[in-house]
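1. Structure of the sequence below:
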Amino acid sequence: MNRYIALATWLAVMAPGMLQAQRHPSVQDHPDAEAVTRAALDYLEGFYEGDADKIRKGVHPEVVKYGFYRSDSAQPYGGTAMSFDDMITLTTRMRESGQTAPEGAVKDVILLDILDQTATVKVVAWWGADYLQLAKYDGEWKILHVLWQSLPAEH
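-> Predicted coordinates for the structure are as follows:
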């Protein structure tokens, strides 16, 4: 019983300081916020415009991308992987065929967290929502992981 009282006392004294230590300034105020946003926009605009150069600019060649989609809301989600080379091939094919994003398509970038070497961003696009994990390589922010899904039927 004394052990529980000691633990409770320790938590009451230490927890407020521990929580305070985890707070950090707004991601919007981070010195790299603009560069992280630009990498996310290069990714989105690369797909929207069929621009492989934007994909090359914002995405690391070792990217791991996996997504869940449904052909219609009555079907279960299916999963698919996409490599860096697949992204380049798709955007090149889109440009050659004239396929671009729908007029006025949503293009939201939501900065979730930025540290000095890593960042996490949510982007909302016409196809769904993507969660991007970025890392800084030689001073440049690059997308290293993408997890996405098509929007649920209620959206």
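2. CA only for contacts and neighbour counts going forward, please
-> Noted.
3. Under the pLDDT cut-off, which ranges of the protein? List them.
-> By pLDDT under 70, the weakly predicted segments of the chain are 1-25, 154-155.
4. Please, which helix or strand holds the residue nearest the centre of it?
-> Nearest to the mean C-alpha position of the chain, counting by C-alpha atoms, centre = their mean, stands residue 132 at 1.8 Å. Using DSSP states H and E, residue 132 maps to strand 128-137.
5. circling back to that earlier point, ok, the residue nearest to the centre of the chain to residue 103 distance?
-> Applying C-alpha to C-alpha, to the nearest Å, the value for residue 132 to residue 103 is 24 Å.
6. Okay, the residue nearest to the centre of the chain and residue 149: tell me how far apart.
-> For residue 132 relative to residue 149 (C-alpha to C-alpha), the value is 12 Å.
7. Now the residue lying closest to residue 84 once chain neighbours are set aside: phi and psi?
-> Sequence neighbours aside, residue 61 is the residue nearest to residue 84 in space, at 5.5 Å (criterion: C-alpha to C-alpha, 6 or more residues apart in numbering). When quoted as degrees, to the nearest 10, the phi and psi of residue 61 stand at phi -60, psi -20.
8. I figured residue 61 hits residue 86, correct?
-> No - between residue 61 and residue 86 there is no contact under C-alpha atoms under 8 Å: 10.7 Å.
9. And the strands in this structure, which stretches?
-> 59-69, 78-82, 108-114, 118-125, 128-137, 140-150 (DSSP state E).
10. how about the CA coordinates for the shortest one, as PDB?
-> Output in PDB follows, covering the C-alpha atoms of strand 78-82 (Å, rounded to 0.1, in the frame of the first residue of the first chain):
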ATOM      1  CA  GLY A  78      -8.400  -2.700 -50.500                       C
ATOM      2  CA  GLY A  79      -4.800  -1.900 -50.100                       C
ATOM      3  CA  THR A  80      -2.100  -1.000 -52.500                       C
ATOM      4  CA  ALA A  81       1.600   0.000 -52.300                       C
ATOM      5  CA  MET A  82       3.300   2.600 -54.500                       C
END
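11. Pairing partners for it, with directions?
-> Its sheet considered, strand 78-82 pairs with strand 59-69 (antiparallel) by DSSP bridges.
12. what angle do the partner strand and strand 128-137 make?
-> Comparing the axes of strand 59-69 and strand 128-137 via axes from the mean of the first three to the mean of the last three C-alpha atoms, to 10 degrees yields an angle of 160 degrees.
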